[in-house]
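Asker: Just the structure for this:
(one chain, ligands or ions: 1)
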Amino acid sequence: MSDTMVVTDLDRTLIYSNSAMDVRVPDADAPTLVTAEFHEGKPLSFLTLAAAQLIWRLPADVLVPATTRTVKQYRRISLPRPPGRYAVTSNGGTILIDGRPDIRWTAQVRRDIAAAADGAEILGRLMPLTEQGWVRSVRSADELFYYLVCERADGYPDGFIDELAEWCAAREWRISVQGRKVYTLPVHLKKSAAVQRVRELAGTCRLLAAGDGALDADVLEMADAAIRPRHGELWEQGWQHPGVTLTDSSGILAGEEMVRWYAAELGVS
Ligand SMILES: [Mg+2]
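Answerer: Have a look, this model is predicted:
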């Protein structure tokens, strides 16, 4: 493995759905896109052709995806070039090594989050919400954490997010809002813990990182250098940290800008 590792979030960082791509240029100047994910036969996530071409030029094993997606959701993604040996999924709950879950890590995570409230208690709070019109469903991510899928990204009742955050905090859980999804997770289920484990396994010295959501903040903080886009949860929260650069663009063009940043940091032209 290269002595540098590029840990990248996927959704709204490297790949973009139709609703997230937010192309703010005249139609005639819009970028050519490459499909990165199909779901039930339909194209779902994309990156720009320029970003895809640049990923081809990065060292073969340098990219380490770090996503809140479950293993099953992660496996739908096909990047222009397969990433290296390692991937972090389930918000740090799973480490994939050569595509297979590291079961020792999975056991370690279960121990680390044992002190937090039981998932049954969280579900007891979330399930009744499905009777309200604005919640489409409640989903389990491998019984590690749970999330609401809402009808609309701006469809939460006033005060709901703050109230749920407070309720979760009292139980050593936390929340993250990403578009139509409201995630609830044990506080100790963190991408950074899994990234640290991968760093030890790979013997990597230098860590570069990118991410847009609150669940990426701990990875951005631990990196030697990092970048975040001008959109997403951290942007909306006005989050800042020394050593974390902000893109000039937003939407899928920010995705391309972040790949350019990886390339520049790695000395790839
Ligand atoms: Mg994201």
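Asker: what about R228, distance to G133?
Answerer: Look at R228 and G133: by CB to CB, to the nearest Å, they are 34 Å apart. C-beta coordinates here come from the backbone N, C-alpha and C atoms, glycine included.
Asker: Walking through the stretch 51-200 of the chain, point out its helices one by one.
Answerer: Taking DSSP state H, counting those that start in this stretch as the test, the helices found in the stretch 51-200 of the chain are 71-74, 103-112, 119-126, 160-169, 191-202.
Asker: Columns distance to the ion and mean neighbour count on top of the ones you listed, output as CSV?
Answerer: CSV is the format used below for those (distance: least, CB to the ion, whole Å; neighbours: other CB atoms under 10 Å):
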stretch, distance to the ion, mean neighbour count
helix 71-74, 13, 16
helix 103-112, 20, 14
helix 119-126, 21, 15
helix 160-169, 17, 14
helix 191-202, 11, 20
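Asker: Redo those helices as a markdown table? Include mean pLDDT.
Answerer: Formatted as a markdown table, the helices of the stretch 51-200 of the chain follow (pLDDT from 0 to 100):
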| stretch | mean pLDDT |
| --- | --- |
| helix 71-74 | 96 |
| helix 103-112 | 95 |
| helix 119-126 | 94 |
| helix 160-169 | 95 |
| helix 191-202 | 96 |
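Asker: In terms of neighbours, single out the busier of R228 and G133.
Answerer: Shown here are R228 and G133; by other CB atoms under 10 Å, R228 has more neighbours (28 against 8).
Asker: The stretch 151-269 of the chain against the ion: which residues are in contact?
Answerer: Counting by CB under 5 Å from the ion, the stretch 151-269 of the chain comes close to the ion at 212-213.
Asker: quick one: the strands in the stretch 151-269 of the chain?
Answerer: Under the criterion DSSP state E, counting those that start in this stretch, the stretch 151-269 of the chain contains strands at 173-178, 181-186, 206-210, 225-228, 244-246.
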